[in-house]
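>>> Need a 3D model of the sequence below.
(2 chains)
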Amino acid sequence: MTDSGLNNTLEPKDYRVRMAPSPTGSPHVGLVRTALFNWAFARHHGGTFVFRIEDTDKARNTEESYDGLIDLMRWLKLDWDEGVEVGGPYGPYRQSERSDIYADALARLRASSHVYECYCTGEETTARYEERLAAYKAAKAEGIKGEAPAQGYDNYCRDLSEDQIKAYEAEGRTSVPRFRMPDGSITFNDLVRGEVTFETKHVPDYALARANGDPLYTLTAPVDDATMNITHVFRGEDLLSSTPRQIALFDAFVEVGLAERAPEFGHLPYVMGQGNKKLSKRDPEAHALKYREAGFLPEGLLNYVALLGWAIAADRDIFTMEEMVEAFEIHDVVKNPARFDVKKAEAINASHMRLLPVEEITHRVIPYLKADGVVSDPVSDPDAQMLEQAMPLVAERINKLGEAPDMLRFLFVPEADFALDEEDAAKLLDEAGLEVVQASYDALNGLSTWSTAEIQDALTAALIDGLELKPRKAYGPVRVAVTGKRISPPLFESMELLGRERTLGRLKAVLGK
RNA sequence: GCCCCCGUCGUCUAGCGGCCUAGGACGUCGCCCUCUCACGGCGGUAACGCCGGUUCAAAUCCGGUCGGGGGUACCA
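Residues are numbered from 1 along each chain as shown, chains lettered A, B, ... in the order given. Take a look at the predicted model:
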């Protein structure tokens, strides 16, 4: 048994965690959760959060994806103390720039007894498995009980003689370095799951590099964690079963002087999509940056994502990142996978919206208004004034920043471009509706003062008292005529903001005059 | 096949042997507020996978079983 425990002289301020994504495709919400928990752990303990990039797979990495990762982390304000873009004492922080380090590590390992050369081809390995399987089945048919053969590499080249090696080399075969798993079992204390034990006979010897010399993930990640002095590794549960081989590797590192000890591990449960499938890049809700596009607040997304496997208290869902940092303990992380629920994410986001003062929401909504061409870029003075007055009306009725443009557009469009929603117009501006609009026009036209209160009084007198309409019936057509839609900010306030000229103009336009 | 992980309302979770006729949140349903929408308020709905065991007492501990997931690569 191997003990992976840290020596207990380690102080919380010395804790070093990392997140190490591969820059392939657009960043995933599962990655946000992993980043958040690592970050919260580091901040809670006063440790260090490292951001490293695992870009050894040249074929799949893109610079665009890398930019997306940086963009995402900055938007979320998950700041890192060391890593790409900011540097640090253990750089470089991109694996593609660390070839020398891996070559050196591999050379040391090869000089030890922990690594041997394997000359097998993949076909040979599977062929041997088929053979074992056939033999097992044959024996079973005859009633002989035995252990079913394991799939995967069978440690065939473990103890090759000098002659055999020479023969293979003479054949012109290439070889890969394989790590020799020790006998016995490996037990480690997973910080979220508790004690986990693997019998090493179930863990085949594994390749550390390709035949062409390129190091594999099995080597690079542990080497980086060792050389960057990472003390705790929190990652997805898909890596749980590769942990024993990494711990064994770390033991070899210690022997060859690459590490002082293995880090502690904690395996975070999956973030799932619909059904029982891990949220994949194919699912639209998987893409983290989409939430920014939709107008999520970073603190809203983060709060929701934190809830996927962690709870701050039994009766509380809404909290700030400061509060999370204060309360976060890795031991409290739940073991079972969580489904990502967009509806709840939106609700949590809405709660955060309500926590913000109007001025802040205004500030944050501007990029969305610009993107949709609702306000000028840069924002003109009149636009800024209008916004300042209009935002109190809409701030509490939107759940995402991205909902603001549609709600505000009617206040900003030039009259020439103002258009009615066809469906709403067809529904509400029928004969009866136009009568209402006519009555409204007449009532408002004579107004001496243009204020919310005056407007409301005039319309109430004309429509509710005069035409004896239900408020619902009365204001619907007017709303469509003035704002273009059935759904809008409060009508009387909107009219005041729009001004007498534009309001009356729109009413008249509907009446066809 | 073999190894490992996981199993409380539809969903996310609280629960660490008695505080549980299982709490909160989202969803959903009903009501109230209301010029639309949204907000807000009130109320309802709904769960310990199953079987054994330990115990005076089990959602909580143990065993089994079923179900789900991951691994078993010269992918990460």
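>>> For chain A, just list every one of the strands.
Counting by DSSP state E, chain A has strands at residues A:16-19, A:48-51, A:82-83, A:115-118, A:176-179, A:185-190, A:194-199, A:206-207, A:232-236, A:264-268, A:271-272, A:338-339.
>>> mean pLDDT lowest for which of the ones you listed?
Among the strands of chain A, strand A:271-272 carries the lowest mean pLDDT, a mean of 87.
>>> Now do that one: distance to the chain's middle.
Distance of strand A:271-272 from the chain centroid (C-alpha atoms, centre = their mean, to the nearest Å) equals 11 Å.
>>> just to revisit the earlier point, minimum distance to A:Ala509: which of the strands of chain A has it?
Counting by C-beta to C-beta, A:Ala509 lies closest to strand A:338-339 out of these; the figure is 49.0 Å. Where you see a C-beta, it was placed from the backbone N, CA and C, and this is true even at glycine.
>>> Mind listing the strands that closest one pairs with, and their directions?
Here strand A:338-339 has these sheet partners by DSSP bridges: strand A:271-272 (parallel).
>>> Name the residues that touch the partner strand?
Identification of contacts with strand A:271-272 by C-beta atoms under 8 Å, 6 or more residues apart in numbering yields A:29-30, A:33, A:278-279, A:308, A:337-340.
>>> filter the residues you listed by proximity to RNA strand B?
Among the contacts of strand A:271-272, proximity to RNA strand B is found for A:278, A:308, A:337-339 (C-beta under 7 Å from any atom of the strand).
>>> ok, back up a step: using a markdown table, lay out the strands of chain A together with mean neighbour count.
Converted to a markdown table, these look like this (neighbours: other C-beta atoms under 10 Å):
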| stretch | mean neighbour count |
| --- | --- |
| strand A:16-19 | 24 |
| strand A:48-51 | 24 |
| strand A:82-83 | 22 |
| strand A:115-118 | 20 |
| strand A:176-179 | 22 |
| strand A:185-190 | 18 |
| strand A:194-199 | 12 |
| strand A:206-207 | 20 |
| strand A:232-236 | 21 |
| strand A:264-268 | 23 |
| strand A:271-272 | 21 |
| strand A:338-339 | 16 |
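>>> wait, which of those is closest to A:Glu359?
Here strand A:48-51 is closest among the strands of chain A (C-beta to C-beta), at 31.3 Å.
>>> If you count contacts, what does that closest one end up packed against?
Using 3 or more C-beta pairs under 8 Å, 6 or more residues apart in numbering; DSSP states H and E, the elements in contact with strand A:48-51 are strand A:16-19, helix A:29-45, strand A:82-83.
>>> wait, does it contact RNA strand B?
No. For a cut-off given as C-beta under 7 Å from any atom of the strand, strand A:48-51 has no contacts with RNA strand B; the smallest distance is 14.7 Å.
>>> mind listing what that strand pairs with, with the direction of each?
Using DSSP bridges, strand A:48-51 pairs in its sheet with strand A:16-19 (parallel), strand A:82-83 (parallel).
>>> Switch those strands over to TSV; also include distance to RNA strand B.
Shown next, in TSV, are these (distance: least, C-beta to the nearest atom of the strand, whole Å):
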stretch	distance to RNA strand B
strand A:16-19	12
strand A:82-83	16
